[in-house]
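Trainee: Predicted model follows, preceded by the sequence.
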Amino acid sequence: MKRIIFLLLILLNQSVFAADIMCTGKVSGVSINPRTGGLLANTVGGLSSPILCSTSTTLNEISPSNCSKLFAVLLTAQITKRTVTLYFSGAQSCSDFQPWTLAGGFYHYILND
């Protein structure tokens with residue numbers, strides 16, 4: 001019985017992680033909508049201008065101050081030609097997100113070497 005429960009826990013953990021995706025690539029363009037504060041990354045690893053967060057209101061469970069930090073990281077990546085990795089939960093692929101709409105499930109980012 002303990003083995004069955006252990007195996008079920010392993011399978012559940014794997015399915016949770018399987019729902020998370022990483023979009024990695026160079027940043028070519030970063031913009032902020034002056035009316036909403038929405039932060040858009042024009043292209044990053046298959047993404048095409050999704051709204052990641054807002055610099056004026058909490059959006060995607062990300063505060064405006066943390067969104068401003070992401071803006072700085074994306075600009076740094078673009079200027080230095082480094083890649084970033086953006087993590088999302090609930091999506092199947094980076095191309096699932098429509099341009100100019102909220103990229104739901106965004107929760108983590110890394111500025112790569």
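Mentor: Great, that's in hand. Residues are numbered from 1 along each chain as shown.

Trainee: Quick check: beta-bridge partners of Val84?
Mentor: On the basis of DSSP bridges, Val84 is bridged to Gly25, Leu111.

Trainee: next one: the one 4 residues further on
Mentor: Beta bridges link Phe88 to Ile21, Phe106 when assigned by DSSP bridges.

Trainee: Contact partners for Asn112?
Mentor: By CB atoms under 8 Å, 6 or more residues apart in numbering, the contact set of Asn112 is 24, 82-85. C-beta coordinates here come from the backbone N, C-alpha and C atoms, glycine included.

Trainee: burial of the residue lying closest to Ser28 once chain neighbours are set aside, as a residue count?
Mentor: Leaving aside its sequence neighbours, Ser28 sits nearest to Thr43 (CB to CB, 6 or more residues apart in numbering; 4.7 Å). Using other CB atoms under 10 Å, Thr43 is surrounded by 14 other residues.

Trainee: what ranges of this protein fall below the confidence cut-off?
Mentor: Flagging of the chain using pLDDT under 70 yields the residue ranges 1-19.

Trainee: Alpha carbons only: can I get stretch 95-111 in CSV?
Mentor: Taking C-alpha atoms only, stretch 95-111 is exported to CSV below (Å, rounded to 0.1, in the frame of the first residue of the first chain):
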residue,chain,number,x,y,z
SER,A,95,3.6,29.9,-29.0
ASP,A,96,0.3,29.4,-27.1
PHE,A,97,0.3,33.0,-26.0
GLN,A,98,-1.4,35.5,-28.3
PRO,A,99,0.2,38.9,-29.0
TRP,A,100,-1.1,41.8,-27.0
THR,A,101,-2.9,39.6,-24.5
LEU,A,102,-2.0,38.5,-20.9
ALA,A,103,0.5,35.6,-20.7
GLY,A,104,-1.2,34.0,-17.8
GLY,A,105,0.8,31.8,-15.5
PHE,A,106,4.0,33.8,-15.7
TYR,A,107,5.9,33.3,-12.5
HIS,A,108,9.7,33.4,-12.8
TYR,A,109,12.5,34.8,-15.0
ILE,A,110,16.3,34.4,-15.3
LEU,A,111,18.9,36.5,-17.1
